[in-house]
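Engineer: fold the following for me, if possible:
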Amino acid sequence: MTQRLAGRIAVVTGGALGIGGGISRRLAAAGATVVVNDVDEEAAAATAGEITAAGGACGTLVGDIREPKVVEALRDRALAVGDGRVDILVNNVGDFRPAARTFLRSTEAQWQALYELNLLHVLRVTHALLPVMVEQRSGTVINNSTVEAFRGIPGHAVYSAYNAGVSAFTRSLAVEVGQYRIRVNAIAPDLADTPQTPAAAMLRGRDPALLRTWLPLGRFGAPDDYAAVVEFLASDDSRFVTGHTIPVDGGTLAASGWYGRADGKGWTNLPNET
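Structural biologist: Prediction:
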């Protein structure tokens with residue numbers, strides 16, 4: 001892997017496991033010094049250990065990114081590691097839980113929890129680190145949204161709404177800060193095989209051979225599939241790309257309800273034919 005991020009300072013929230021862990025490892029392998037924030041101290045230490053063992057540079061800040069004091073500590077830690085610089089911010093934390101079976105069964109406490117998990121901390125962390133990028137007249141912010149921000153998902157209307165907010169924030173902030181040579185983009189994952197959404201759980205009761213009928217590329221995503229796109233967005237290879245949310249989903253959003261027939265004879269939008 002080329003060192004196309006050599007000398008850059010990257011901050012990754014939720015950067016120990018799953019997609020976040022893949023992002024941390026990928027950015028470090030590309031030459032960035034990575035500051036990993038995670039609520040799981042053991043996982044953060046393990047990820048940092050793997051990165052340094054592979055010859056990369058990594059620091060950690062353990063804490064719940066929903067807490068303002070943790071955001072402040074993360075900013076201070078990043079500035080200390082980077083000698084005053086921050087070049088890459090990846091707002092990776094997000095979760096569809098706590099969930100309710102329907103919107104009518106959901107509660108305001110759940111809405112608030114989902115707000116803090118999926119949108120509020122994105123605003124806080126970006127607000128804390130953006131002035132550094134403005135002052136240095138460079139930087140890139142990459143947010144983690146979801147394909148569910150662009151299609152309906154029964155039972156998760158609130159989660160979907162907040163992630164639509166992440167993508168809207170991405171677009172609007174990109175317009176606002178482009179004058180400072182700061183780019184803002186997002187990825188929209190789907191069907192990631194991670195500890196948060198294990199493939200075994202998604203496949204429970206289903207025939208794995210039928211994956212091809214509802215996932216155009218025929219497999220679940222691995223953390224590095226998403227991390228590779230984040231690396232691209234963090235690098236100069238995407239120097240003229242800003243304000244976009246890129247689906248990283250194996251084609252599920254493009255299919256938009258179309259499924260490969262179980263008999264292999266074309267496609268259908270009727271679930272009883274798959």
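
Engineer: for the rest of this, base every contact and every neighbour count on C-alpha atoms.
Structural biologist: Fine.

Engineer: could you give the average pLDDT over the one helix or strand residue 160 maps to?
Structural biologist: Assigning secondary structure by DSSP states H and E places residue 160 in helix 157-177. For helix 157-177, mean pLDDT is 97.

Engineer: same check, this time on stretch 27-43
Structural biologist: Mean predicted lDDT for stretch 27-43 stands at 98.

Engineer: next, give phi and psi for the closest residue to residue 157 other than its chain neighbours.
Structural biologist: Nearest in space to residue 157, with sequence neighbours left out and distances taken as Cα to Cα, 6 or more residues apart in numbering, is residue 103 at 6.6 Å. Dihedral angles of residue 103 (phi, psi; degrees, to the nearest 10) stand at phi -60, psi -40.

Engineer: ok, residue 103 to residue 153 distance?
Structural biologist: Residue 103 is 11 Å from residue 153, where distance means Cα to Cα, to the nearest Å.

Engineer: tell me the pLDDT at residue 269?
Structural biologist: At residue 269, pLDDT is 64.

Engineer: sheet partners, orientation included, of whichever strand in the chain runs longest?
Structural biologist: Ranked by residue count and defined by DSSP state E, the top strand of the chain is strand 182-189. Applying DSSP bridges, strand 182-189 is found paired with strand 139-144 (parallel), strand 245-248 (parallel).

Engineer: tell me the contacts of the most centrally placed residue in the chain?
Structural biologist: Closest to where the C-alpha atoms of the chain average out (Cα atoms, centre = their mean) is residue 144, at 3.0 Å. Counting by Cα atoms under 8 Å, 6 or more residues apart in numbering, residue 144 touches 90-94, 166, 186-189.

Engineer: using CSV, lay out those together with distance to residue 19.
Structural biologist: Below are these laid out as CSV (distance: Cα to Cα, whole Å):
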residue, distance to residue 19
90, 11
91, 11
92, 8
93, 9
94, 11
166, 17
186, 13
187, 11
188, 12
189, 9
